[in-house]
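**Student:** Sequence first, then the predicted structure, then my questions.
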Amino acid sequence: MLTLGICTISGLKAQEKSNLIKLNLWPLSVGNIALEYERSLNEHLSINGTISYRPNANLPFKSLWESAFDDDNNILGDAKLGAFSITPEVRFYISNKEVLKGFYIAPFVKYANYSVHTQITVDESNYHREVPISGTLNAFTAGVAVGNQWKLGQNIYLDWRIVGPGYGFNNGKFEGKTPLNADEQREVKRQLEEFDSNLMKIKKEVNADGVTLSTSGPFAGIRTALSIGYRF
């Protein structure tokens, strides 16, 4: 019984503090909350998962959006963007024998859902018309991240995911169900012809019932993070 008790206690101690919960600090500046959970499997291997959420708000980093889209008519000017993503990864710690610490390489897969709300403005001499458009885009990517994790104090850790490029595919659909007469259809088509992106394919349809935009094709992104964590 004594031997069994010692073995049980030893096993419990070996399992102590193999978990780490973290908050990514960088996304907070744009209203995004990203939480991570990491669990060590041995001194060189762990699994990590990230859940990120952003409520509908103004587009962050507008200069990046302006460089990614040809938008002469400012269709994205007042757009609202919401986002949700989940990213599992496997971490291989290379440079340290202590669990959850040191330089790591982390293959990952990511699913992201983006909701967009914007409008097209038809402004003629005798009337002013706004066509609201909303929808979602789903993206799946995979890649490899590199980073380093430090122990700052008892149970407190700092995780710097230096860079994590990912590549995959997307599909999305955005609709504006607003009746349009012939003149309005021509103006909306003209604006949409000048709206394009070098990052994805955009299919545009305009008829008397409104507007439909569909996206498809490749999708790329870069993951990075500076997270503070608590080990338990």
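**Tutor:** That came in fine, so what should we check first?

**Student:** Could you look up the next helix or strand downstream of the host helix or strand of residue 41?
**Tutor:** Assigned by DSSP states H and E, residue 41 belongs to strand 33-42. As assigned by DSSP H and E, the chain's next helix or strand after strand 33-42 is strand 45-58.

**Student:** quick check: angle from that following strand to strand 33-42?
**Tutor:** If you take axes from the mean of the first three to the mean of the last three Cα atoms, to 10 degrees, strand 45-58 sits at 180 degrees to strand 33-42.

**Student:** per-residue confidence averaged over strand 45-58?
**Tutor:** For strand 45-58, the mean per-residue pLDDT is 96.

**Student:** which outside residues touch that strand?
**Tutor:** Contact with strand 45-58 is made by 24, 27, 30-41, 79-93, 99-100, 106, 115, 117, 225, as judged by Cβ atoms under 8 Å, 6 or more residues apart in numbering. Placement of C-beta: from N, CA and C, glycine included.

**Student:** Give me the buried positions along the longest strand anywhere in the chain.
**Tutor:** Criterion DSSP state E: the longest strand present in the chain is strand 128-153. Neighbour-count burial for strand 128-153 flags 129, 131, 133-135, 137, 139, 141, 143, 145, 147-149, 151 (criterion: 16 or more other Cβ atoms under 10 Å).

**Student:** now do stretch 101-113
**Tutor:** 101-102, 104, 106, 108, 110, 112.

**Student:** hmm, who's touching that stretch?
**Tutor:** Defining contact as Cβ under 8 Å, 6+ apart, one finds that stretch 101-113 is touched by 48, 83-96, 136-151, 157, 161, 164, 166, 168, 221, 223.

**Student:** Any regions of this protein where pLDDT drops low?
**Tutor:** Under the criterion pLDDT under 70, the flagged ranges of the chain are 1-16, 63, 66-67, 125, 127.

**Student:** which ones are touching the closest residue to residue 203 other than its chain neighbours?
**Tutor:** Excluding the flanking residues, the one nearest residue 203 by Cβ to Cβ, 6 or more residues apart in numbering is residue 214, at 4.3 Å. Counting by Cβ under 8 Å, 6+ apart, residue 214 touches 171-174, 202-203, 205.

**Student:** Any of those residues buried? List them.
**Tutor:** Neighbour counting by 16+ other Cβ under 10 Å classes 172, 174, 202 among the contacts of residue 214 as buried.

**Student:** Now do the helices in this protein.
**Tutor:** Using DSSP state H, the helices of the chain run over 2-15, 62-68, 182-193.

**Student:** ok, and for the last one, which residues are buried?
**Tutor:** Read that as helix 182-193. In terms of neighbour count (16+ other Cβ under 10 Å), helix 182-193 has its buried residues at 184-185, 187-188, 191-192.
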